[in-house]
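Colleague: model the structure of this input:
(one chain, ligands or ions: 1)
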Amino acid sequence: MESTIASHKIQFPLGAGISLQILADDPYPFFEEMHQGEPITWFEPLEMWYIARHADVRAILLDRQNFTTAFEHSTIFDTFGAQMLTSEGEVHTRYRTAMQFIFSAQHMSQHLEPRIRTAANQLIDAFQSRDSVELREAFASRLPVQTILAAFDMPLEDEPSMRLWYDSFERALQNFTWQDDVRDRARDHVGQFHAYVQAFLNRVRDGDADSRFLEPLVNGDARRLTGEEVIRNLSIIFFGGISTVEALILNSWWALLTHPELHALVKADLSLLPKVIDETMRWRSPVQTATRHVVRDIDFAGIRFREGDTIACLLGPPTGIRRSSPIRRFSIFTGRTSMPIWALPRDRISASDSAWQRCRPGSRWKRC
Ligand code: HEM
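Modeller: Residues are numbered from 1 along each chain as shown. Coordinates of the predicted model:
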């Protein structure tokens, strides 16, 4: 193993020279360098492969024989157990089939959108009269949690517990160095979250609480999942929608605040906002990587991947954009598409993601 790591250092100097701190501060120069000179690299601090070129990313994400999400020694499996994002094949299909009705575009626009609008307005009302505000704390980190609670008709007062659990899950998902205290805390919070959801499901089943989305899961048909499966899949649905949306809100603001001319245009014409969000998805992707694990030793693009290796496929720039596009420029007027969700297999994009895509103004998919 040590000799493999030593040879990786020689073969992949870019990955060997990069630190977690550099990635946390600004990963884009590193991603660009990778794209130009070392499109597959071994990232030493996390002991995983990083893949930068679109064709390689796509090949890996579409190759279910050799690359999988169903891997028990992953941080996501360690945290959430078996659910749709850690399963493949029939199991994955069963989980998705049972859950995807929740995110029909019609449900989202008729039932959820008015609630999101109300929640957003209430959050803004609470700080509108203040001289200054920390926007992440006061808005971006709160709206996604409130949205998830609203989507399932759960009490908004539970927002602080949900946030607390979420923060420890997020740390656990990034715990590639397997620190015990991080895992223990997440396990404890998973237990609390499961108990919370179970209690709510019991109330729905007994008619003491209404939830149009959860009701079919507790009184469902033959496709229905076991109680444990329902809760594990709800975990990934609940928490999949938090940091992604928080990051998208923050990055969209960042885009506007660092482009004052565009900001002025958008203020004068709010119908440009969806384009800003779309371009932000491309420019500063809220999800940087899709992770896969190597099923068996395999040669890929002249490099030997070993069984169990972890592969991080880059989804944001430069991977997700056309070769001719200036990577760093933010522009809503070039007609580029957003983050390459389209590079993922269709059944991997969450029902919520694809419903969102369908609803995007100007989308090349059906409008809702
Ligand atoms: C800006 C918003 C979002 C972005 C950029 C995003 C991105 C992604 C990506 C790239 C994947 C594929 C991951 C992989 O295959 O490794 C994914 C899957 C998933 N997302 Fe999202 N997502 C967003 C919002 C949401 C929301 C709001 C929810 C839930 C309410 C959600 C729930 C899920 C779930 C459950 C999966 C797993 C689907 C499966 O494996 O079948 N996402 N998302």
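Colleague: in three-state terms, label residue 209 for me.
Modeller: Assigned with DSSP: H, G, I helix; E, B strand; the rest coil, residue 209 falls in the coil class.
Colleague: renumber starting at 51 from here on
Modeller: Got it, first residue is 51 now, which makes that one residue 259.
Colleague: residue contacts, residue 109?
Modeller: residue 350 (C-beta atoms under 8 Å, 6 or more residues apart in numbering). Every C-beta, even on glycine, is put in place using the N, C-alpha and C of the backbone.
Colleague: what helix or strand does it sit in?
Modeller: Using DSSP states H and E, residue 109 falls within helix 104-112.
Colleague: immediately after the helix or strand hosting residue 140, which helix or strand?
Modeller: Using DSSP H and E, residue 140 maps to helix 139-149. Following helix 139-149 in sequence order, the next helix or strand is helix 155-157 (DSSP H and E).
Colleague: centre of the chain versus that next one, how much separation?
Modeller: 21 Å (C-alpha atoms, centre = their mean, to the nearest Å).
Colleague: below-threshold pLDDT in the stretch 251-400 of the chain: ranges please.
Modeller: 270-273, 369-378, 384-400 (pLDDT under 70).
Colleague: what about the strands in it?
Modeller: 339-344, 348-350, 353-355, 360-364 (DSSP state E, counting those that start in this stretch).
Colleague: now distance to the ligand and mean neighbour count too, for these, in a markdown table please.
Modeller: Below are these laid out as a markdown table (distance: least, C-beta to the nearest ligand atom, whole Å; neighbours: other C-beta atoms under 10 Å):
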| stretch | distance to the ligand | mean neighbour count |
| --- | --- | --- |
| strand 339-344 | 3 | 20 |
| strand 348-350 | 18 | 14 |
| strand 353-355 | 17 | 16 |
| strand 360-364 | 8 | 22 |
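Colleague: of all the residues in the helix holding residue 109, which ones are buried?
Modeller: For helix 104-112, the neighbour count (16 or more other C-beta atoms under 10 Å) marks 104, 106-111 as buried.
Colleague: restrict those residues to those near the ligand?
Modeller: Counting by C-beta under 6 Å from any ligand atom, nothing from those sits close to the ligand.
Colleague: any idea which of the residues you listed is closest to the ligand?
Modeller: Distance to the ligand across those (C-beta to the nearest ligand atom) is lowest for residue 111, with 6.9 Å.
Colleague: confidence score at that closest one?
Modeller: On pLDDT, residue 111 comes in at 93.
Colleague: surely it meets residue 341?
Modeller: No - with contact defined as C-beta atoms under 8 Å, residue 111 and residue 341 do not form a contacting pair (10.4 Å).
Colleague: now for those two: what residues contact both?
Modeller: Counting by C-beta under 8 Å, 6+ apart, the contacts common to residue 111 and residue 341 are residue 363.
Colleague: which SS class is residue 225?
Modeller: Under the three-state scheme (three-state DSSP), residue 225 adopts coil.
Colleague: apart from its neighbours in sequence, what residue is nearest it?
Modeller: In this structure, residue 225 finds its nearest non-sequential neighbour in residue 232, 4.5 Å apart by C-beta to C-beta, 6 or more residues apart in numbering.
Colleague: gap between the one you found and the ligand?
Modeller: 21 Å (C-beta to the nearest ligand atom, to the nearest Å).
Colleague: and that residue, helix, strand or coil?
Modeller: Quick answer, by three-state DSSP: residue 232 is helix.
Colleague: any idea how many residues pack against it?
Modeller: Using other C-beta atoms under 10 Å, residue 232 is surrounded by 18 other residues.
Colleague: and if you look at residue 209?
Modeller: Neighbours of residue 209 using other C-beta under 10 Å come to 16.
Colleague: one more: residue 203?
Modeller: Applying other C-beta under 10 Å, we find 17 residues neighbouring residue 203.
Colleague: and it, how far from residue 181?
Modeller: 36 Å (C-beta to C-beta, to the nearest Å).
Colleague: and what of residue 284?
Modeller: Per C-beta to C-beta, residue 284 is found 40 Å from residue 181.
Colleague: list the contacts for residue 192?
Modeller: Neighbouring residues of residue 192 by C-beta under 8 Å, 6+ apart: 173, 209, 213.
Colleague: quick one: pLDDT of it?
Modeller: 96.
Colleague: rewinding a little: residue 284 and residue 181: who's more crowded?
Modeller: In this view residue 284 and residue 181 are compared by other C-beta under 10 Å, and residue 284 has more residues nearby, 24 against 5.
Colleague: these two touch, right, the more buried one and residue 247?
Modeller: Yes - counting by C-beta under 8 Å, residue 284 does reach residue 247; the two are 5.9 Å apart.
Colleague: the strands in the stretch 101-250 of the chain, which residues?
Modeller: Here the stretch 101-250 of the chain has its strands, by DSSP E, counting those that start in this stretch, at 117-118.
Colleague: who in it is up against the ligand?
Modeller: 134-135, 146.
Colleague: now, of those residues, which are buried?
Modeller: Buried members of these, counted by 16+ other C-beta under 10 Å: 134-135, 146.
Colleague: how near is residue 116 to residue 143?
Modeller: Distance of residue 116 to residue 143, given as C-beta to C-beta: 20 Å.
Colleague: pick out whichever of those two has more residues nearby.
Modeller: residue 116 (17 against 13).
Colleague: any idea which of the contacts of residue 192 is closest to residue 292?
Modeller: Ranked by distance to residue 292 (C-beta to C-beta), the contacts of residue 192 are led by residue 213 at 8.4 Å.
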